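Engineer: this is the structure alone, sequence omitted:
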């Protein structure tokens, strides 16, 4: 993919060029939104809003990493939605019953026994629940670093904060997540993952 040419074409109003950029980045943007928001529907909404916003403001894009530009846009959309929810909490439909696991399938290995799959899913759910308890700025920083694998410099650019702030937010987020998991699980990992 010739990203630079596609961006230039999109800036000239060629929607097909922008659509190619969307197709290339949509999974990465959605994954980030999902980890921040914690549910598929909110992540899909944030992803869509981010791409609409990116398209509407593509004339203002002046080069650099388009991926970072998109990640910053979706992070801001998630941040805005989480702040809105904090001001106006709502009860989710999912709170009334079982969550449909098919809406968020977990990849499993053919070699895992059923109890191992359940154990792994329990750990995954505990981590996701722990991430949801973090303050928004720490949650975003943790997801960008530990889930998306971004460098401190990329995170600083996406979140528009100083490098030191990224490091301190990440340290606090990891500490709070560790404490949450120890409180909920008693142990951070199931027995088969622990050192003897």
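Structural biologist: Okay, I see it. Treat the numbers as computed from the prediction; the structure is a model and nothing was measured. Residues are numbered from 1 along each chain as shown.
Engineer: residue contacts, the residue positioned nearest the centre of the chain?
Structural biologist: Using CA atoms, centre = their mean, the residue of the chain that lies closest to the mean C-alpha position is residue 32, 2.4 Å off. Neighbouring residues of residue 32 by CB atoms under 8 Å, 6 or more residues apart in numbering: 71, 74-75, 78, 143-144, 147-148. Placement of C-beta: from N, CA and C, glycine included.
Engineer: and those residues, which of them are buried?
Structural biologist: 71, 74-75, 78, 143-144, 148 (16 or more other CB atoms under 10 Å).
Engineer: out of those, which comes closest to residue 56?
Structural biologist: Using CB to CB, the shortest approach to residue 56 within these belongs to residue 74, at 14.2 Å.
Engineer: excluding covalently adjacent residues, which one is nearest to that closest one?
Structural biologist: In space, not counting the residues next to it along the chain, residue 74 is nearest to residue 50; the distance is 3.8 Å by CB to CB, 6 or more residues apart in numbering.
Engineer: can you list contacts of the helix or strand harbouring that neighbour?
Structural biologist: In the assignment (DSSP states H and E), residue 50 maps to helix 40-56. By CB under 8 Å, 6+ apart, the surrounding residues in contact with helix 40-56 are 10, 15, 18, 22, 26, 29-30, 33-34, 36-37, 69-70, 73-74, 76-78, 81, 103-104.
Engineer: can you list the domains in the chain?
Structural biologist: 1-102, 106-196 (automatic domain parsing).
Engineer: can you list these in TSV and add mean pLDDT?
Structural biologist: Listed next are the domains of the chain as TSV, based on pLDDT from 0 to 100:
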stretch	mean pLDDT
domain 1-102	85
domain 106-196	82
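Engineer: would you map the helices across this protein?
Structural biologist: 3-11, 15-37, 40-56, 66-87, 114-133, 136-142, 152-159, 163-185 (DSSP state H).
Engineer: can you point out the buried residues in the second one?
Structural biologist: In terms of neighbour count (16+ other CB under 10 Å), helix 15-37 has its buried residues at 17-18, 20-22, 25, 29-37.
Engineer: do the same with the fifth one
Structural biologist: By neighbour count, and taking 16+ other CB under 10 Å as the criterion, the buried residues in helix 114-133 are 119-120, 123, 126-127, 130-131.
Engineer: count of residues packed around the spatially closest residue to residue 141 that is not a sequence neighbour?
Structural biologist: What sits nearest to residue 141 in space, not counting adjacent residues and going by CB to CB, 6+ apart, is residue 169, at 4.2 Å. The number of residues packed near residue 169 is 23, by other CB atoms under 10 Å.
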